[in-house]
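[1] Predicted structure and sequence below. I'll ask about it afterward.
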Amino acid sequence: MTTVVGTRLITYREAINEALDQEMTRDPSVIVMGEDIVGGAGAPGEDDAWGGVLGVTKGLYGKHGDRLMDTPLSESAYIGAAIGAAASGMRPVAELMFIDFLGVCLDQIFNQAAKFRYMFGGKAETPVVIRAMVGAGLRAAAQHSQMLTPIVTHIPGLKVVCPSNAYDTKGLLIASIRDNDPVIFCEHKALYEEQADVPEASYVVPLGEANVVREGSDCSIVTYGMMVGRSLEAAALLEQEGISCEIVDLRTLSPLDLETVTESVENTGRLVCVDEANPRCSIAADVSAQVSRDAFGSLRAGIAMVTAPHTPVPFSPSLEDAYIPSVDAIAGAVRAVTS
Amino acid sequence: MSEAVGVVGVVMPKWGLSMTEGEIVEWLVAEGDTVIVGDELAEVETDKITGEVEATDAGVVRRIVAEAGSRHRVKALLVVLADPAVDDATIDQFIVDFPEPPEVEESDAAASAYETMAVGDLQIRYSVLGEGPAVILLHGFGGDLDNWLFTMGPLAEHHTVVAIDLPGHGQSSLAIPDPSADGLARVAWAVLDGLEINDVDVVGHSMGGAVAARMAAQQPDRVRSVTGLAPAGLGPEINQDYIDGYVAAQSRREMKPVAAVLFADPSAVTRAMVEDLLRYKRLDGVPALLGGLSDVWFVDGAQAEQAQVADELAALTKPTLIIWGAQDRVIPASHAESVKAFAEVHVLDGAGHLVQMEQAGEVNRLLVAHVGSGAATTP
């Protein structure tokens, strides 16, 4: 048998499932842990697992059996167990469900997993992937909607990924599983139904390489996750006004591909950072500061940031819609720096 | 609808199987200019590539219908050429009568254009366009059938054009059981057999050029003519740094300068082109596969003996056309000297290794004139 390399349209959710399936097939040390990922499979009246709260891992239990593990409702316990398993030779992928639950297992992540390589003289490796849903837009309220990417990006020793489309999702998840460091893999839940052309074969999108998703000459928009799509919409609007935007999708927040960002700013002379996170100490603030330091001479206008406000995510649908950076807000910021 | 005598509409071209529309970047002519066949009229940009629309007839540019900056469907009217004697009312009527092209979804356009066929254990992706005597197009090392995106449409006006992804390339199976010129030529024949095509004009670029020549040597009775575009197999030199760089490149930053080697004008390398190359290169196993192929074709920095085809071409006595970009930095254009005694040779200025993309208009004119000029000897 030879590998089929055709492509077809699949969703972001299916891309995650396929990456897990192919890596579990390729490497027997890959295991998957989480709440309700096996959920009821094999029990009377249940043919298949729930596949987690939004069905991402559905179908994997039937193919890989005991290498998928349902865990108690205790993130502190199973995230710690996954990190321990990684330190002793497995490649666990633990589903944290919502990144909002990071608080109860943060010690295991930032004070253990992130430190092992450094505290054991480079001899310890911790190839764990912690998958977690991020972002607002699903009416899931303040405790299930946060974009906590800045918190994990701040911590040395962790890699942080946040894909914007199904193609990148599959390649970045495979790269994360094969990586020997702990990776926080942030999946935007509002993108789960978004489709893209994805190869059937396995492939790696390297960690630490941003993607220029649109070339332009007047203003750079640097962003990631769901904001990439909104930035593309804004760029299409602005094109009709004669403003040409270049859009850099960071893809991974740690390591950060600052070289691609500064190259873009050197070409356009203007920068708008678009981040769904809260503004203080955000990815937008970080990129803005680093560009100011490295490419100040290229800037022809002040840097603009488009972020969520400094508040929890509101439950009221109209307020939630106003909270998430909009296409209009992005277009407005670009107009302001280019006028 | 009356046919206006001496009035010609130039339409949005279709470059590549998935193209549905393009944007006029700028007009290179103005109303009132006199143009001849092959003159560049406008620069057009698609999601994948930027190219020039050329005049298909001689005449005066009477009316520019599509403004710079606007987007238009494939086959939409862009500009009207006519004799100065034709009055303005006739031009107006011509524009009114010109048929509006139907809307085509990009995914539909691509899905209906690509097919796959089993050849032994391999799945080979191919594309067939047009009707008439058959022509097969073979891409080079690391390429795919989209390398012919400027070539297929014009050739398909009078021919059945078959383009394939060689084994281990494009979206064919990730395996090359026999990576030699002979092995690849047998796969190409198998595709033609599967399509029940007997006689064919063979056209190949770079490594595919040597494969095309080997096809002719294997089954001369089925081949009408041979065309090599910057073909391998006519001499020893090869830019091994390019080959090694292409095999090794994993990131956009590594790939962009490698891709630039393929063109006389490096600005031809677009973001989309680099991304397409990377999407192929990122697949598990591709670097190893290409490394293995390179070992069979390029040994110690020189083209391997197994793929040398100059003597075979001389012995075949088929009409042979060789086109080279004068600024080729992968295989030197001087290799064309070895076949000058029996082949029609054109070295085109302003083109690098991917001559069929960088000088598409001229290459297409030479190809259209050449294919069908010979005869197979099948009873």
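    Thanks, I have it. Residues are numbered from 1 along each chain as shown, chains lettered A, B, ... in the order given.

[2] alpha carbons only for contacts and neighbour counts from here, please
    OK.

[3] Of all the residues in the stretch 151-300 of chain A, which one is nearest chain B?
    Taking C-alpha to the nearest C-alpha as the measure, the point where the stretch 151-300 of chain A comes nearest chain B is A:Tyr203, at 4.1 Å.

[4] Show the backbone phi and psi for that residue.
    When read as degrees, to the nearest 10, the backbone of A:Tyr203 gives phi -160, psi 160.

[5] Show me what the helix or strand that contains B:Gly209 is in contact with.
    Assigned by DSSP states H and E, B:Gly209 falls within helix B:207-218. Helix B:207-218 is contacted from outside by B:138-141, B:181-182, B:184-186, B:188-189, B:202-204, B:222-223, B:226-233, B:307-309, B:312-313, B:316, using C-alpha atoms under 8 Å, 6 or more residues apart in numbering or on different chains.

[6] How about stretch B:351-363?
    For stretch B:351-363, the external contacting residues (C-alpha under 8 Å, 6+ apart) are B:38, B:54, B:147-151, B:206, B:229-230, B:261-265, B:268, B:323-331, B:348, B:350, B:364.

[7] From those residues, list the buried ones, please.
    Among those, those buried by neighbour count (16 or more other C-alpha atoms under 10 Å in any protein chain shown) are B:54, B:147-151, B:206, B:229-230, B:261-264, B:268, B:323-331, B:348, B:364.

[8] and the helix or strand following the helix holding B:Gly209, how far from the chain's centre?
    Next along the chain after helix B:207-218, taking DSSP H and E as the criterion, comes strand B:223-229. Relative to its chain's centre, strand B:223-229 lies at 14 Å (C-alpha atoms, centre = their mean, to the nearest Å).

[9] returning to that earlier point: which of the buried ones among the contacts of stretch B:351-363 fall in strands?
    The members of these that map onto strands under DSSP state E are B:Glu54, B:Leu229, B:Ile323, B:Trp324, B:Gly325, B:Leu348.

[10] right, is the helix or strand where B:Asp193 lies up against chain A?
    In this assignment (DSSP H and E), B:Asp193 forms part of helix B:181-194. No - shown here: helix B:181-194 not in contact with chain A (C-alpha under 8 Å from any C-alpha of the partner chain), separated by at least 15.4 Å.

[11] Would you mind listing the buried residues in that helix?
    Applying 16+ other C-alpha under 10 Å to helix B:181-194 flags B:Ala181, B:Asp182, B:Gly183, B:Leu184, B:Ala185, B:Arg186, B:Val187, B:Ala188, B:Trp189, B:Ala190, B:Val191, B:Leu192 as buried.

[12] and if you look at stretch B:346-355?
    Buried, per 16+ other C-alpha under 10 Å, within stretch B:346-355: B:His346, B:Val347, B:Leu348, B:Ala351, B:Gly352, B:His353, B:Leu354, B:Val355.

[13] Taking the residues you listed, tell me the two that lie furthest apart.
    B:His346 and B:Leu354 (14.3 Å; C-alpha to C-alpha).

[14] Pull the residues that contact the helix or strand containing A:Ala322.
    Element membership for A:Ala322 (DSSP H and E) is helix A:317-323. Residues from elsewhere that reach helix A:317-323 (C-alpha under 8 Å, 6+ apart): A:Ala136, A:Gly137, A:Arg139, A:Ala308, A:Pro309, A:Val313, A:Pro314.

[15] A:Pro314 versus the residue nearest to the second one when sequence neighbours are not counted, what's the distance?
    Counting by C-alpha to C-alpha, 6 or more residues apart in numbering or on different chains, A:Gly137 lies nearest to A:Ala190, which is 6.2 Å off, once chain neighbours are set aside. Distance of A:Ala190 to A:Pro314, computed by C-alpha to C-alpha, to the nearest Å: 16 Å.

[16] for chain A, which strand is longest?
    strand A:91-98.

[17] What average pLDDT does it get?
    In this model, strand A:91-98 has a mean pLDDT of 96.

[18] Tell me the helix or strand right after that strand.
    Following strand A:91-98 toward the C-terminus (DSSP H and E): helix A:106.

[19] hmm, who's touching that next one?
    In contact with helix A:106 (C-alpha under 8 Å, 6+ apart) are residues A:Ser76.

[20] Would you tell me what the next helix or strand after that helix is?
    Moving toward the C-terminus from helix A:106, the next helix or strand (DSSP H and E) is helix A:114-119.

[21] Which positions in that next one come out as buried?
    Using 16+ other C-alpha under 10 Å as the test for burial, helix A:114-119 gives A:Ala114, A:Lys115, A:Phe116, A:Arg117.

[22] Identify the residues contacting the third one.
    Spelled out, it's A:Phe116. A:Gly122, A:Ala124, A:Glu125, A:Thr126.

[23] rerun at 6 Å
    A:Ala124 (C-alpha atoms under 6 Å, 6 or more residues apart in numbering or on different chains).

[24] any idea how far it is from chain B?
    Distance of A:Phe116 to chain B, computed by C-alpha to the nearest C-alpha, to the nearest Å: 29 Å.

[25] quick one: B:Phe368 is in a strand?
    Actually, residue B:368 is Val rather than Phe. No - counting by DSSP: H, G, I helix; E, B strand; the rest coil, B:Val368 is not part of a strand but helix.
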